[in-house]
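>>> task: produce atomic coordinates for the following.
(one chain, ligands or ions: 1)
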Amino acid sequence: MSGAVSTPQVVVHRDKELMAEAAAARLITKVVDAQAARGAASVVLTGGRNGNGLLAALAAAPARDAVDWTRLDLWWGDERFLPAGDPERNATQARAALLDAVPVDPARVHEMPAAQAEFGADADAAAAAYARELAAAARPEDHGPVPAFDVLLLGVGPDTHVASLFPELPGVRETERTVVGVHGAPKPPPTRISLTLPAIRAAREVWLLAAGEDKSRAAAMALSGAGEIQAPAAGAQGRQRTLWPLDRPAAALLPPTLYPPASP
Ligand SMILES: O=C(O)[C@H](O)[C@@H](O)[C@H](O)[C@H](O)COP(=O)(O)O
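Residues are numbered from 1 along each chain as shown. Presented below is the predicted three-dimensional model:
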């Protein structure tokens, strides 16, 4: 898969709470507009503190129910390959942060397969099954093996990883498959399932959430032209928009003239 990608846009917020609230409000608007235009919307969720922070802010947002939750397809960008219901699974945390509080259609909540279930301990087989599920959901107008996600959310690791694509490891080098099993991940747990960069780049919009001083080097590296193998976040770009909602500490190493703070 290939296609146009968009130049990253950075928005700097005073702190991580305001970043999460602003990103949640932005997501509500994006989903409402997509549902008005196309009758449905699709969003890819991510794990981690910033991803779950956005979901929690969304759950508390006054305009939350402007979204028609019954017409929203939810996918995951990655998952820790653990048994269903494990508290460390991204899906478990997303349900606790938001999904249990809104009337989503269970048939439209597409969790990545769990370990010790249909695929046993075989993360590669589980990844291939998720790729098939994505392909089955892709429509002709999506022109590819995954749906044209409206918004694909990502957290950013201090090492610039996104989803479960880590610098120099095989997953970030994948150019054909849309979903891969990940083994020996530096961030525990070691076995994961992840969308690949080609699948991420099929999204209309990719939002990379990063808050905290420990993300400042990763943001500066990814936004200053580093290669995607060394800095996977640099390869996470949307077809129409690539957005980096940051808080001030995470933006500390970016040239202030290019990225003035959005909020005082
Ligand atoms: O499974 C995971 O751990 C996430 O999908 C991972 O990609 C996360 O988004 C980043 O590691 C950032 O995590 P924080 O937001 O907690 O720093």
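>>> which residues of this structure lie near the ligand?
Selection of the chain residues close to the ligand by CB under 6 Å from any ligand atom yields 46-51, 78, 80, 90, 155-157, 161-163, 187. Using the backbone N, CA and C atoms, a C-beta is placed for each residue, glycine as well.
>>> one more time with 8 Å
46-53, 77-80, 90, 154-158, 161-164, 187, 192, 209-212, 214-215 (CB under 8 Å from any ligand atom).
>>> which residues touch the helix or strand harbouring residue 246?
Using DSSP states H and E, residue 246 falls within strand 241-247. With CB atoms under 8 Å, 6 or more residues apart in numbering as the test, strand 241-247 has contacts from 5-16, 18-19, 22-23, 26, 204-212, 215, 219, 223, 236, 254, 259.
>>> which among those count as buried?
5-6, 8, 10-13, 16, 18-19, 22-23, 26, 204-211, 215, 219, 223, 236, 254, 259 (16 or more other CB atoms under 10 Å).
>>> what's the helix or strand for the residue of the chain positioned farthest from its centre?
Note on the chain: the largest C-alpha distance from the chain mean falls to residue 257, namely 27.8 Å (CA atoms, centre = their mean). For residue 257, there is no host helix or strand (DSSP H and E).
>>> ok, now residue 254?
Residue 254 belongs to no helix or strand, assigned by DSSP H and E.
>>> ok, now which ones touch it?
10, 12, 216, 219-220, 223, 246.
>>> again, but for residue 170
residue 180.
>>> and the gap between it and the ligand?
Distance of residue 170 to the ligand, given as CB to the nearest ligand atom, to the nearest Å: 16 Å.
>>> centre of the chain versus the top helix by length along the chain, how much separation?
The single longest helix within the chain, with elements called by DSSP state H, is helix 16-38. Offset of helix 16-38 from its chain centre (CA atoms, centre = their mean, to the nearest Å): 14 Å.
>>> pull out the buried residues from that helix.
Result for helix 16-38 [16+ other CB under 10 Å]: buried residues 16, 18-28, 30-31, 34-35.
>>> is residue 73 in a helix, a strand, or coil?
strand (DSSP: H, G, I helix; E, B strand; the rest coil).
>>> how deep is it tucked in, by neighbour count?
Neighbourhood size, residue 73 [other CB atoms under 10 Å]: 19.
>>> same question for residue 255.
10.
>>> low-confidence ranges in the stretch 1-150 of the chain?
1-4 (pLDDT under 70).
>>> mind listing the helices for it?
16-38, 48-60, 90-97, 123-137 (DSSP state H, counting those that start in this stretch).
>>> distance to residue 180 added to those, as a markdown table?
Formatted as a markdown table, the helices of the stretch 1-150 of the chain follow (distance: least, CB to CB, whole Å):
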| stretch | distance to residue 180 |
| --- | --- |
| helix 16-38 | 26 |
| helix 48-60 | 19 |
| helix 90-97 | 16 |
| helix 123-137 | 5 |
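>>> out of those, nearest to residue 231?
Residue 231 sits nearest to helix 48-60 of all the helices of the stretch 1-150 of the chain, at 17.2 Å, using CB to CB.
>>> just checking the distance from the closest one to the centre of its chain.
12 Å.
>>> and it, what does it pack against?
Secondary-structure packing of helix 48-60 (3 or more CB pairs under 8 Å, 6 or more residues apart in numbering; DSSP states H and E): helix 16-38, helix 90-97, strand 151-155, strand 205-209.
>>> make it 6 Å
Contacts defined by 3 or more CB pairs under 6 Å, 6 or more residues apart in numbering; DSSP states H and E place helix 48-60 against helix 16-38, helix 90-97, strand 151-155.
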